[in-house]
Structures are given as C-alpha cells and as structure tokens.
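# structure of the sequence below:
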Amino acid sequence: MKIKSGAIDQFEQYSQFKSVEEFQKYVNKILVDYKMELTNGDRIALQMLVRCSSEIPGVSNPAIDYVLELIESQSELKPISRATFKRMVRKAIALGILTVYQTEKENGYQLSNLYIFNK
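Purely as a prediction, here's the structure:
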C-alpha cells in the first residue's frame, strides 16, 4: 500500500500508543525481548528510529539518510551503513515490530517510508 506524503500529523491515525511514555515502555520491552535477535547495529538503528517517532508515538517517516546523519552526529554511537538500517527494517518487519508503508508525491515519485511500531 502506498500513502500520499505530507505533514507528519496526517499519520496520527496510525499510532497504536496513547502517549510517548507508553511507547517508550514498549520499546524498552522490545530491546529486552529481542536482545538475541538484534545486533548492535540493529539496536542503534531501531533506537534512532524511535527518536524520530516522538511527535506521534510509534509513527515516523524520516528519510534513511536523515536517520544515518542523526546516528553519525551522536559521538557515543558507532555509525552504521544504509544496508545495516535496511536489514534492521526487514528484521523488525519479520519480528512484527514494524509495519512499513511507502509514501509518494502526487506524481507517484517515492519518498521516505512511513514506519509504524506495532504493539
């Protein structure tokens, strides 16, 4: 399913969380429950995607390059590659952590994905 791009607040309907606090508790549980399945790179990518999901708890649509720049700007984090981020997304989808939709402009050009954390 493709979704038309726009302001992040148009995606509020996709949130499965009532508050940022509820979402953060869920993320902490994921990191514990899937400790063995997630590599260090996966955890870094996932945690940065979580940070991008603070305006609407559990929903974000950052460009991959933006997420990678955020990670690089954090001196305590080891930078990851685009491939590592994409592997984390595939793994998170397979584990049921994320649902991902493509967003597109009116002309059909694909933009960043919409990432939805599943309860």
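
# so where do the strands sit in this structure?
Using DSSP state E, the strands found in the chain span residues 2-4, 59-60, 98-104, 110-117.

# got the contact list for the last one?
With contacts defined as CB atoms under 8 Å, 6 or more residues apart in numbering, strand 110-117 is touched by 2-3, 5, 11, 14-17, 23, 26-27, 49-50, 52-53, 58-64, 66, 89, 97-105. All C-beta atoms are positioned from the backbone trio N, CA, C, and that covers glycine.

# what's the answer for the second one, then?
For strand 59-60, the surrounding residues in contact (CB under 8 Å, 6+ apart) are 8, 11-12, 14-15, 49, 52-53, 114-117.

# can we see that at 7 Å?
The contact list for strand 59-60 (CB atoms under 7 Å, 6 or more residues apart in numbering) reads 11, 14-15, 49, 52-53, 115-116.

# switch these over to JSON lines; also include neighbour count and pLDDT.
Formatted as JSON lines, the contacts of strand 59-60 follow (neighbours: other CB atoms under 10 Å; pLDDT from 0 to 100):
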{"residue": "F11", "neighbour count": "21", "pLDDT": "84"}
{"residue": "Y14", "neighbour count": "17", "pLDDT": "91"}
{"residue": "S15", "neighbour count": "18", "pLDDT": "93"}
{"residue": "L49", "neighbour count": "22", "pLDDT": "94"}
{"residue": "C52", "neighbour count": "16", "pLDDT": "90"}
{"residue": "S53", "neighbour count": "24", "pLDDT": "90"}
{"residue": "Y115", "neighbour count": "25", "pLDDT": "95"}
{"residue": "I116", "neighbour count": "20", "pLDDT": "95"}
